[in-house]
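Chemist: next comes the sequence, and after it the predicted model I'd like to discuss.
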Amino acid sequence: MKAIKRLKAIKRLIEERTRVDASELDLSEKLVSLNRVTKVVKGGKRLRFRALVVVGDGNGHVGVGLGKAKEVPEAIRKAGVIARKELYKVTMSGTTIPYEVLAKSGAAKVLLKPAPPGTGVIAGSSVRSVLEAAGIKDVLSKSIGSSNPVNVVRATVLALASLKKPEEAVARRKAELEIREEAESIG
């Protein structure tokens, strides 16, 4: 629990994401959850289906889509189309992630930790499907709070999309430090 208190949960992406063209990638689809949704109206109940689909190329690209329709295949197709439009580039360090990250979506929090090679994906079903679609082979995870698959998957994708290369972060901090030192020497 100490690790969770130390990290601040990411709630939304700070930087704009770069568009990834799905046509040049070999994407695979995985159905994460399928729910029957009912709307009660004057004449009775209207049944619809909600599908949550994760797509990825297994090489650092992942997307998630939520589709609703009157038939199951149509809901899955819609979710797949939306997921292909919402692709994110994932920063990887070998077969794992570069550092520990905590992300939150709704009441669901997802903690991802890098693991040594050979560990495998230690995660629940919703988190596992996102990590495998992204191509991450070794990672430890913990889902905290809500177990709603939609929020857990969104939090996982948010955590992966927010990862940066450690070298870029160090370079940015050095540049900020140099700017501060210049300002102090002038002032």
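Modeler: On my side now, so go ahead. Owing to the predicted nature of the structure, the values given are computational and were not obtained by experimental measurement. Residues are numbered from 1 along each chain as shown.
Chemist: next, count neighbours for residue 164.
Modeler: 12 (other Cβ atoms under 10 Å). (Each C-beta comes from the backbone N, C-alpha and C, glycine too.)
Chemist: you'd agree it is in a strand?
Modeler: No - the assignment for residue 164 is coil, going by DSSP: H, G, I helix; E, B strand; the rest coil, so no strand is present there.
Chemist: need the nearest residue in space to it, chain neighbours excluded.
Modeler: Spatial nearest neighbour of residue 164, chain neighbours left out: residue 91 (6.0 Å); criterion: Cβ to Cβ, 6 or more residues apart in numbering.
Chemist: quick one: contacts for that neighbour?
Modeler: If you count contacts by Cβ atoms under 8 Å, 6 or more residues apart in numbering, residue 91 has them with 60, 97-98, 163-165.
Chemist: mark which of those are buried, thanks.
Modeler: Neighbour-count burial within these applies to 60, 97-98, 163; the criterion is 16 or more other Cβ atoms under 10 Å.
Chemist: so can I have CSV of these showing distance to residue 113 and pLDDT?
Modeler: Written out in CSV, the entries for the buried ones among the contacts of residue 91 read as follows (distance: Cβ to Cβ, whole Å; pLDDT from 0 to 100):
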residue, distance to residue 113, pLDDT
60, 19, 88
97, 8, 92
98, 11, 91
163, 12, 88
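Chemist: let me have the residues you listed in CSV, extended by secondary structure and distance to residue 51.
Modeler: What follows is the buried ones among the contacts of residue 91, written out as CSV (DSSP: H, G, I helix; E, B strand; the rest coil; distance: Cβ to Cβ, whole Å):
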residue, secondary structure, distance to residue 51
60, coil, 24
97, coil, 27
98, coil, 32
163, coil, 27
